[in-house]
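>>> All I have is the shape, not the residue letters:
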């Protein structure tokens, strides 16, 4: 044991600092979660690993309301990385529907309003009753004297009797002094329990002008309340009058639409069926349905044309349509110069006339169906352009466009009768299509019956119109040119039906649209250009775009009408060559000189002997006649200078000068 004291370690100076959490853990206490205001300590509950897993599963289950039953490995593999395994449900917040201030209240709304007003009035009555009771209590409290009132259970003292009063005993005096304390002078009285204690005081009197001002304010508030009540009564009376007027207008419009002029046989006014109950005998309904008047129209058109009378007295329009677009069809024609003309806009009509509103709404639906058919037919034509509200395609010399426009916006396009005619023809052709569809459903149709179309007759009419205009313009220009040269020329046109070309086209469009077909072979015209001393030319135009040219020595069919000016220039150059040759020979009396003048038809020249050769040209742009004399250099002086119709004028005068040069002497 020697040396044990020296080998023993010294633990006297060792100190350990432990925080409360360590001590609690060592003692087996739970973790502190919170401390209340009163000092109570809340400990955290111990959770095992299973509890934590259960909490996580609960959170996953709550986040996926549909659960994890529909999730599989194959489904997760097919989903993209950023997609959700379960679609999130969108929660629509309950939004209060805003009530239209101009709409009448329903019975439920009026009952709810009555309940709310009754509760508010009851609360106000209770408050007024409380104020009244308080005022009574205060007025009763202010009338007490400085002497305390007797207790409630003690009768008031009777009048003192005659004689000497008995002296109170000592115990009774002590009891009274202890039960009822003596009141001190100049102190507030002691009131019975349950009363309000106030200090009586006199309020300062208000000045006269303040009282007058308060009275004026009271009178003003009273007058304002009376005015509001009067306005409320007036509005109620106006509402009743509007409802009565709306009811009268409803029955008047129904009778007018059903029995008015041109009303019978067009619209059917029937009660709206109520599938929730059975209509009894003699019961009437104010909700009516007005179906479409065209029997051949498809079902979609009929659904857009259904209308009902709206009994809201604040609305001006009597009819209400389920789907109304206010779109109508418009036709525009754009020529090569860029100028655009269009059809006339439709009139909106009187909004108070139910029959006019019904016709306008039905024509809007009809034009929408017409545009759909036009869009389908235009898609079968090359070079056509299709847009949501417009369809354009080339037709003859124009760009024909059909467009749906809003009738509430003004149109700046100039009006054209031709465009109006095209719109009317298109609408009638749509009726023919409806009639053909109905006939095909009702009875068998032969294979020879042609299917009616809308664009084909319109395009053919425009092409024939362009052909007639091209021929007329060409002959008119040549006729004016020949008159400038001093020749008598005239052009005329004669149609097979005895009308002008424009009337023939109008007759074709309207006739084809009314009956569905027309005899286009009867539509033809003959154009002639006569020149004095020449055979002239004749041109036949046959619908839709056939052209036959009849010249002095040939007759053929022209495939391209634009080549007509070139053909006529060559033809009249040859005819004028014969005319000048005959004129020169007739004016020369000397046989020797006349024998030297002859015409070479193959070369197209007139040989003037040794004087030279005469040629005639009508070059583009076909606005003058040129005559050149190719003279021999040995001949002097020259026979004549060349001829230009714009410069020299009369052709016969120039021929006289040539003849004078040919005759010696």
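Cool, got the structure. Worth saying up front: this structure is predicted, and the values here are computed from it rather than measured.
>>> Without its sequence neighbours, what residue ends up closest to residue 414?
Distance criterion C-beta to C-beta, 6 or more residues apart in numbering; nearest residue to residue 414, sequence neighbours excluded, is residue 341 at 5.2 Å. All C-beta spots, glycine's among them, are computed from the backbone N, C-alpha and C.
>>> Specify the local secondary structure of that neighbour.
For residue 341, the secondary structure call by DSSP: H, G, I helix; E, B strand; the rest coil comes out as strand.
>>> Report the mean confidence score over stretch 109-125.
Averaged over stretch 109-125, pLDDT sits at 85.
>>> Likewise for stretch 469-489?
Stretch 469-489 comes out with an average pLDDT of 93.
>>> Centre of the chain to that stretch, how far?
Relative to its chain's centre, stretch 469-489 lies at 52 Å (C-alpha atoms, centre = their mean, to the nearest Å).
>>> What are the contacting residues of it?
Defining contact as C-beta atoms under 8 Å, 6 or more residues apart in numbering, one finds that stretch 469-489 is touched by 490-491, 493, 501, 527, 529-533, 539, 541, 547, 561-562, 564-565, 568, 572, 618, 622-625, 645-646, 649-653.
>>> Out of those residues, which sit inside helices?
Of the positions in those, 501, 564, 565, 568, 572, 645, 646, 651, 652, 653 sit in helices, assigned by DSSP state H.
>>> The second one - how many residues pack around it?
Using other C-beta atoms under 10 Å, residue 564 has 21 neighbouring residues.
>>> try the fifth one
A count of nearby residues for residue 572, using other C-beta under 10 Å, gives 27.
>>> And for the third one?
Residue 565: 19 surrounding residues under other C-beta under 10 Å.
>>> next one: the first one
Applying other C-beta under 10 Å, we find 20 residues neighbouring residue 501.
>>> where does residue 83 land in three-state SS?
From three-state DSSP, the assignment for residue 83 is coil.
>>> Could you check the pLDDT of it?
Note on residue 83: pLDDT of 80.
>>> got it, and residue 150?
With respect to pLDDT, residue 150 has a value of 59.
>>> Same check on the one 3 residues further on?
pLDDT, the model's per-residue confidence, is 55 for residue 153.
>>> and if you look at the one 4 residues further on?
Note for residue 157: predicted pLDDT of 51.
>>> quick revisit: specify the beta-bridge partners of the residue nearest to residue 414.
residue 333 (DSSP bridges).
>>> List the contacts of it.
Residue 341 makes contacts with 332, 333, 413, 414, 415, 416, 418, 419, as judged by C-beta under 8 Å, 6+ apart.
>>> which among the residues you listed gets closest to residue 584?
Taking C-beta to C-beta as the measure, residue 584 lies nearest residue 418 of the contacts of residue 341, at 50.0 Å.
>>> isn't that closest one right up against residue 335?
No: with contacts counted by C-beta atoms under 8 Å, residue 418 stays clear of residue 335, the gap being 11.4 Å.
>>> Would you mind telling me which of the two has more residues around it?
In this view residue 418 and residue 335 are compared by other C-beta under 10 Å, and residue 418 has more residues nearby, 19 against 12.
>>> And the more buried one, which helix or strand is it part of?
Counting by DSSP states H and E, the element that carries residue 418 is helix 417-442.
>>> which stretches of the stretch 251-400 of the chain aren't confidently modelled?
For the stretch 251-400 of the chain, the stretches with pLDDT under 70 are 256-295, 310-313, 315-318, 351.
>>> about what we covered before: most widely separated two among the contacts of residue 341?
It's 413 and 418 that sit farthest apart of those, by C-beta to C-beta, at 13.1 Å.
>>> ok so, going back, which single one of the contacts of residue 341 is nearest to residue 396?
Of these, the one sitting nearest to residue 396 (C-beta to C-beta) turns out to be residue 333, at 9.6 Å.
>>> sorry, back to before: using JSON lines, lay out the ones in helices among the contacts of stretch 469-489 together with distance to residue 119.
Shown next, in JSON lines, are the ones in helices among the contacts of stretch 469-489 (distance: C-beta to C-beta, whole Å):
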{"residue": "501", "distance to residue 119": "86"}
{"residue": "564", "distance to residue 119": "95"}
{"residue": "565", "distance to residue 119": "96"}
{"residue": "568", "distance to residue 119": "100"}
{"residue": "572", "distance to residue 119": "105"}
{"residue": "645", "distance to residue 119": "106"}
{"residue": "646", "distance to residue 119": "104"}
{"residue": "651", "distance to residue 119": "112"}
{"residue": "652", "distance to residue 119": "115"}
{"residue": "653", "distance to residue 119": "116"}
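>>> Kindly supply the ChimeraX command isolating those of the contacts of residue 341 that are buried.
Burial among the contacts of residue 341 is assessed by 16 or more other C-beta atoms under 10 Å; the matching ChimeraX selection reads:
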select :332,333,413,416,418,419
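>>> Out of the contacts of residue 341, flag the one nearest to residue 350.
Taking C-beta to C-beta as the measure, residue 350 lies nearest residue 415 of the contacts of residue 341, at 22.5 Å.
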